[in-house]
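Q: I would like to see how this sequence folds:
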Amino acid sequence: MGAASTAPTPGFPLRLQWLLGIACGLLIANVYYAQPLTGLITAALGLPRASAGLLVTLPLTGYGLGLLAVVPLADLVENRRLVVLMVGLEALCLLLISVTGNPSLYLAVAFLVGTTAAAVQVLVPYVTFLAPEAERGRAVGRVVSGVMLGIMLARPVASLVSDLSSWRVIFAISAVLMAVLAIALRLILPQRRPASGLTYPRLLLSLGHIFAATPILRRRAFYHAYLFGAFSVFWTAVPLWLSGPQFGLTQRGIALVALAGVAGAIAPPLASRMADHGHSKLGSGLAMFAVIAAFLLTDLAHGASPLSLGLIVFAAVLLDFAVSANLVFGQRAIYALGAEKRGRINGLFMATFFAGGAIASALSGWCYARLGWPGVSVLGIALPVLALVYFATERTGEVPASVAVPPG
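A: Sure, this is the predicted structure:
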């Protein structure tokens, strides 16, 4: 097989692909900025420490709701208008968070920040409508790189900005970026009008039917739920481990470890080439084994030596690489399904693995509190093992993409 061209098609220029990637990264980062700042925010708002978890839970819950209630609108209304409206609302919410001192208002708006950030999952499928089939995997890979960079960079950037100034500054900066982004998307993004004849209630009612009747969607969603769960297990517990007595790292030191892990974001462009050449199944299997290997490496980190810290950094890179790659394989597969249902399919895919990550994150905190890092590692290994067990049941050509989505 000859080498495929890496140049974007004339109708989908490279600058637009990178704009979508940057937009997705900036949007998804808003959901994660508060995670390393809970102590500072609760103190500033006068919230009890027992309520600190709400600062993390509410944006994530809002994002989950947005995936199921807002993202399906991409199959119903003009997509550019929907995206610009959501990004504009995101800017207003972030601006309000950066100035409010009212804890109830903060929590309510934090929920809306998550809901409007779901615009990410309206933008990602945009790529599949603009790129031809032969280039689709690489185009998706570029945009998914932005998503993964946003998730990986949000926590260390928020920590560093708050260390230099105030926790409010990161939200104010993001509010300005969202306003600029809304204008840029309005000017550059082409219109996309879906050809759906459904009403919004029928659109929502169709979600359960699509999920139940689309095997490849379920399979890919559960594969990534296990791997994203392992990702969440690692990044929930590793800051606690690194700041504990074994390593004693400061907030800045932990941020630097997280920044090193961002190297794993090089995976999407490489994975997209594998996907374009029909190797998604092989790639997913390798990603599952890589996640297991990453946690096994952390078990070799004894003491507080530079070698131990290096093993953790390498494990972070390997883990992030594997999870980023598998996301591309999953999205490449589901985007081959019915174009008229792509918004709903994407919302279901994302909501499923997002739920896996949320559950795994909660279990990770429980494991670390009671069993330390060894317990976290066992949980982190168990999830990709379960994925491999499910993966072993997949048959080649099990679900032809062209007929996978039911009508209606």
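
Q: Outline the domain layout of this protein.
A: As assigned by automatic domain parsing, the chain contains the domains 13-194, 198-395.

Q: would you turn those domains into a markdown table with mean pLDDT?
A: Output for the domains of the chain, formatted as a markdown table (pLDDT from 0 to 100):
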| stretch | mean pLDDT |
| --- | --- |
| domain 13-194 | 86 |
| domain 198-395 | 86 |
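
Q: so can I have JSON lines of those domains showing mean neighbour count?
A: In short, each C-beta sits where N, CA and C put it, glycine included. Shown next, in JSON lines, are the domains of the chain (neighbours: other C-beta atoms under 10 Å):
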{"stretch": "domain 13-194", "mean neighbour count": "20"}
{"stretch": "domain 198-395", "mean neighbour count": "20"}
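
Q: who's in contact with the closest residue to I28 other than its chain neighbours?
A: Once flanking residues are discounted, I28 sits nearest to G150: 4.1 Å by C-beta to C-beta, 6 or more residues apart in numbering. Counting by C-beta atoms under 8 Å, 6 or more residues apart in numbering, G150 touches C24, G25, L26, L27, I28, A29, Y32.

Q: how far away is G150 from P103?
A: When distance is defined by C-beta to C-beta, to the nearest Å, G150 is 27 Å away from P103.

Q: Name the helix or strand for G208, please.
A: helix 200-212 (DSSP states H and E).

Q: Tell me which other helices or strands that helix touches.
A: Counting contacts by 3 or more C-beta pairs under 8 Å, 6 or more residues apart in numbering; DSSP states H and E, helix 200-212 is packed against helix 52-69, helix 215-243, helix 342-391.

Q: Who are the packing partners of the last one?
A: Which is helix 342-391. Packing partners of helix 342-391 (3+ C-beta pairs under 8 Å, 6+ apart): helix 52-69, helix 120-130, helix 200-212, helix 215-243, helix 280-298, helix 306-334.

Q: Now distance to G88 too, for the ones you listed, in TSV please.
A: Putting the helices and strands packed on helix 342-391 into TSV (distance: least, C-beta to C-beta, whole Å) gives the following:
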stretch	distance to G88
helix 52-69	15
helix 120-130	14
helix 200-212	21
helix 215-243	29
helix 280-298	36
helix 306-334	26
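
Q: Among those, which comes closest to V84?
A: Closest approach to V84 among the helices and strands packed on helix 342-391 (C-beta to C-beta): helix 120-130, 10.4 Å.

Q: centre of the chain versus the helix or strand just after the closest one, how much separation?
A: Next helix or strand after helix 120-130 toward the C-terminus (DSSP H and E): helix 136-164. Distance of helix 136-164 from the chain centroid (C-alpha atoms, centre = their mean, to the nearest Å) equals 9 Å.

Q: now stretch 318-330
A: Worked out by C-alpha atoms, centre = their mean, stretch 318-330 lies 11 Å from the chain centre.

Q: No more questions from me, cheers.
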